[in-house]
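> For reference, the sequence and a predicted model appear below.
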Amino acid sequence: MTNLTHRLVTLACLGSLVAIAGCADNPAPAVAKDEAPLFEGNALLRPTDFREWQYVSTGQGMSYAGGTQQPGVLFDNVFVRRSAYESFKQSGLWPEQTIFVLELRMSSDHDSLLSAGRYQTDQLLVEASVKDSHRFENSWAYFSFYPGDDGTLPTKVERNPDGACFSCHQTHAQVDFTFGQFYPTILPIARQLGTLVNQPASE
């Protein structure tokens with residue numbers, strides 16, 4: 001496994017990219033019908049309009065599960081469907097049919113205008129997490145759209161093995177199996193509504 005592949009696999013646990021008891025019984029309504037994730041058999045179709053969704057947060061150079069920072073700083077941008085976000089603001093839980101997208105982009109500091117800092121450049125990959133307790137035994141499933149040999153992303157992929165992502169979210173996610181502890185607009189809502197879990201003793 002190359003260093004970059006290792007980096008991407010560990011980032012698959014982001015995200016994006018959520019642990020609360022009884023998630024399958026989440027009373028929150030499903031998202032708007034036209035905002036539900038699209039499947040072809042067991043494969044999730046890659047969303048192409050996610051930059052028009054609700055922006056959640058951006059991470060810079062983040063790595064998990066013992067991963068190390070790769071040369072160059074990567075940015076990860078997280079988006080969620082707007083109706084899911086509106087529902088979350090009321091309940092502190094994500095409704096059925098929620099879909100998160102994590103977009104990973106390269107970065108650069110090469111511009112004559114810059115004296116400091118970095119900016120985002122080429123898209124590297126897209127990942128998604130979907131909440132659907134009727135389709136998935138653990139309510140949430142995770143999908144990685146890795147680029148092919150020609151550099152393009154696949155239009156559809158099947159879910160990642162649970163051991164690759166779900167176990168990480170189950171153990172470390174603080175907001176309904178999402179890493180809301182890293183999302184500055186999500187964390188205060190969950191804290192106010194009492195839906196935070198897996199919090200360190202110091203918090």
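Noted; the coordinates are in hand. Residues are numbered from 1 along each chain as shown.
> For Ser108, the count of nearby residues, please.
13 (other C-beta atoms under 10 Å). (Glycine included, C-beta is placed from N, CA and C.)
> swap that for His110, sorry
His110: 8 neighbours (other C-beta under 10 Å).
> gap between it and Arg135?
44 Å (C-beta to C-beta, to the nearest Å).
> now Ala32
In terms of C-beta to C-beta, Ala32 sits 18 Å off from Arg135.
> ok but Lys89 is inside a helix, no?
Yes - looking at Lys89 with DSSP: H, G, I helix; E, B strand; the rest coil, it is inside a helix.
> What are the boundaries of the strands in this protein?
Shown for the chain, the strands assigned by DSSP state E span residues 39-40, 43-45, 54-60, 75-80, 99-108, 119-131, 140-145, 156-158.
> Export those strands to JSON lines and append columns for mean pLDDT.
Below are the strands of the chain laid out as JSON lines (pLDDT from 0 to 100):
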{"stretch": "strand 39-40", "mean pLDDT": "98"}
{"stretch": "strand 43-45", "mean pLDDT": "98"}
{"stretch": "strand 54-60", "mean pLDDT": "95"}
{"stretch": "strand 75-80", "mean pLDDT": "96"}
{"stretch": "strand 99-108", "mean pLDDT": "94"}
{"stretch": "strand 119-131", "mean pLDDT": "94"}
{"stretch": "strand 140-145", "mean pLDDT": "96"}
{"stretch": "strand 156-158", "mean pLDDT": "98"}
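> Which one of those lies nearest to Gln170?
Minimum separation from Gln170 across the strands of the chain (C-beta to C-beta) falls at strand 140-145, 8.9 Å.
> same for the closest one, what does it pack against?
Packing partners of strand 140-145 (3 or more C-beta pairs under 8 Å, 6 or more residues apart in numbering; DSSP states H and E): strand 119-131, strand 156-158, helix 166-172.
> Sheet-wise, list the partners of that strand with their directions.
strand 119-131 (antiparallel) (DSSP bridges).
> distance between the partner strand and the chain's centre?
Distance of strand 119-131 from the chain centroid (C-alpha atoms, centre = their mean, to the nearest Å) equals 9 Å.
> now swap in stretch 183-199 and tell me
16 Å.
> which secondary element of the chain has the worst mean pLDDT?
helix 3-11 (a mean of 43; mean pLDDT, DSSP states H and E).
> Just list the residues touching the residue lying farthest from the centre of the chain, thanks.
Distance from the C-alpha centroid of the chain peaks at Ser112, with 33.6 Å (C-alpha atoms, centre = their mean). Applying C-beta atoms under 8 Å, 6 or more residues apart in numbering to Ser112 gives no contacts.
> Ser87 - how many residues pack around it?
The tally of other residues near Ser87 (other C-beta under 10 Å) stands at 22.
> measure the closest residue to it other than its chain neighbours to Gly59 for me?
Ranked by C-beta to C-beta, 6 or more residues apart in numbering and with sequence neighbours excluded, the top spatial neighbour of Ser87 is Pro95, at 4.4 Å. The gap separating Pro95 from Gly59 is 24 Å, by C-beta to C-beta.
> quick one: which of these two has more around it?
Neighbour totals were compared for Pro95 and Gly59, and Pro95 leads with 23 against 20 (other C-beta under 10 Å).
> Sweet, I'm off.
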